Every structure is written in structure tokens, then in C-alpha cells.
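1. Predicted model and sequence follow; I will ask about them next.
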Amino acid sequence: LAYEPAPLVLAFVLGPMLERELRQALIISGGDLGVFLTRPLSAASLLLSLVLLLSAIVPMIRRRRTAVLPEG
């Protein structure tokens, strides 16, 4: 597996901080996930994350389907 080291370092550094802040926000909101959609910036960030995630997953699924389907 050939992974770039920079994203891995960012993940190891920012991951625990992001997890701590996420946990704190959920505790303050009483477990309500809607708190992440109340501000336009946070809603846009979640939407952008979803689009980026789907843009990585959909081509992988399409490649897998075309590899499984027989030609003809």
C-alpha cells in the first residue's frame, strides 16, 4: 500500500483534536446531531465532506461493477 505520508501525519495530529471537539459539541447539545446543521459554515463543511466522500467511493463501485459484469 503506497500512501502519501502528509495526509497520514495530518490525520494523526488533527484526528484526536477533532474527536474531542465533536464529543464536546455533542455533550453541549445533549446528543442532538442537528447542532452541526444550524450554522451555514458547518452545514457547508458537512456537505463538502459528503461530496468528497462520494466522489471517491462512486468510481470505485463503478469499476468493481464493470469488472464483475461479463462482456456481451
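-> Received the coordinates, thanks.
2. switch to C-alpha atoms for all contacts and neighbour counts from now on
-> Fine.
3. same for the lengthiest helix in the chain, what does it pack against?
-> Secondary structure assigned by DSSP state H gives helix 40-68 as the longest helix of the chain. Helices and strands touching helix 40-68, as assessed by 3 or more Cα pairs under 8 Å, 6 or more residues apart in numbering; DSSP states H and E, are absent.
4. Count the neighbours of residue 52 for me.
-> If you count neighbours by other Cα atoms under 10 Å, residue 52 ends up with 11.
5. Residue 67: neighbour count?
-> Neighbours of residue 67 (other Cα under 10 Å): 10.
6. May I have the secondary structure class of residue 6?
-> Here residue 6 is recorded as helix under DSSP: H, G, I helix; E, B strand; the rest coil.
7. Could you measure from it over to residue 57?
-> 21 Å (Cα to Cα, to the nearest Å).
8. Looking at these two, which has the bigger crowd around it?
-> residue 57 (11 against 8).
9. Could you pull up the residues touching that one?
-> Taking Cα atoms under 8 Å, 6 or more residues apart in numbering, we find residue 57 in contact with no residue.
10. Near residue 53, how many residues? Count them for me, please.
-> 11.
11. In contact with it, which residues?
-> By Cα under 8 Å, 6+ apart, residue 53 has no neighbours at all.
12. This protein - how does it break down into domains?
-> 1-36, 39-72 (automatic domain parsing).
13. and those domains, which one is worst for confidence?
-> Lowest mean pLDDT within those: domain 39-72, at a mean of 87.
14. Residue 55 and residue 28, how far apart?
-> For residue 55, the distance to residue 28 - Cα to Cα - is 32 Å.
15. now do residue 41
-> Taken as Cα to Cα, the span from residue 41 to residue 28 is 19 Å.
16. cool, and residue 51?
-> 28 Å.
17. tally of neighbours for residue 47?
-> 13.
18. Sorry, wrong one. I was asking about residue 31.
-> Using other Cα under 10 Å: residue 31 sits among 12 other residues.
19. Now it: which helix or strand?
-> Element membership for residue 31 (DSSP states H and E) is empty, with no helix or strand holding it.
20. so what's the backbone phi/psi at it?
-> phi 90, psi 10 (degrees, to the nearest 10).
21. Could you measure from it over to residue 4?
-> 35 Å.
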